[in-house]
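1. Here is my input; please provide its structure:
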Amino acid sequence: MTFYGSPVVQAMAGLKTTDWPPRPHPGKTPESVARVERCMAENHGCIGEGGVHEAVVRSLVYISMGGGGVDERAFNALCEMRAEYSTLSLGSFKKTVREQLFALRLDQQAALDAIPTMLFADIQSKDKALSVIHRVASAAGKLTAEQDRRLAVVEGLFAD
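-> Predicted coordinates for the structure are as follows:
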């Protein structure tokens, strides 16, 4: 009992050592669920915000979600494009990628439908942006069938 009765040993074994109720699991409280739902509703309203840079990043994330992900060659091509065409810092660029991924995960169809609106502000950049998308998407080699289908969807959105 001296060894096995010790609260430390019982805690390591997962045994209850106190009469206190167990702690609630993180993220399961009604307050945290309400906070997540409120955050999702706020972000759903921001899906259409952004310009050409955001539309290009959203398109590339959508294509990469079609399989395989992004490998080093595509990442390097994307970094070259960022340095060549954008004044975004690396931190801002990473934030943009996270936001666009979240928008696609939140409501994929609404995020895709918003791309033509995002491009409307800068009509001249459409062809340049589409060439960037082709260059980065093909940097890793041959696209999968799903990625080809997604690229065709993006091309249709840029043609609108």
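2. can you map out the helices along the chain?
-> 7-12, 30-44, 52-64, 72-85, 90-106, 108-113, 115-119, 125-137, 145-159 (DSSP state H).
3. show me where pLDDT drops low in the chain?
-> The chain contains residues with pLDDT under 70 at 16-18, 22-25, 27, 68-71, 84-86, 121-124, 160.
4. Could you say which of the helices of the chain is packed most deeply?
-> Highest mean neighbour count among the helices of the chain (mean count of other Cβ atoms under 10 Å): helix 52-64, with a mean of 24. Where C-beta positions appear, they are placed from N, C-alpha and C, glycine not excepted.
5. Now do that one: everything it contacts.
-> 50, 70, 74, 78, 86, 88, 96-97, 99-101, 103-104, 108, 111-112, 115, 118-119, 121-122, 125-126, 129, 132-133, 136-137, 143, 147, 150-151, 153-154, 157-158 (Cβ atoms under 8 Å, 6 or more residues apart in numbering).
6. Could you find the closest non-adjacent residue to the residue nearest to the spatial centre of the chain?
-> Centrality entry for the chain: nearest residue to the mean C-alpha point is Leu101, 1.7 Å, by Cα atoms, centre = their mean. Closest residue in space to Leu101, ignoring its immediate chain neighbours: Val61 at 5.2 Å, by Cβ to Cβ, 6 or more residues apart in numbering.
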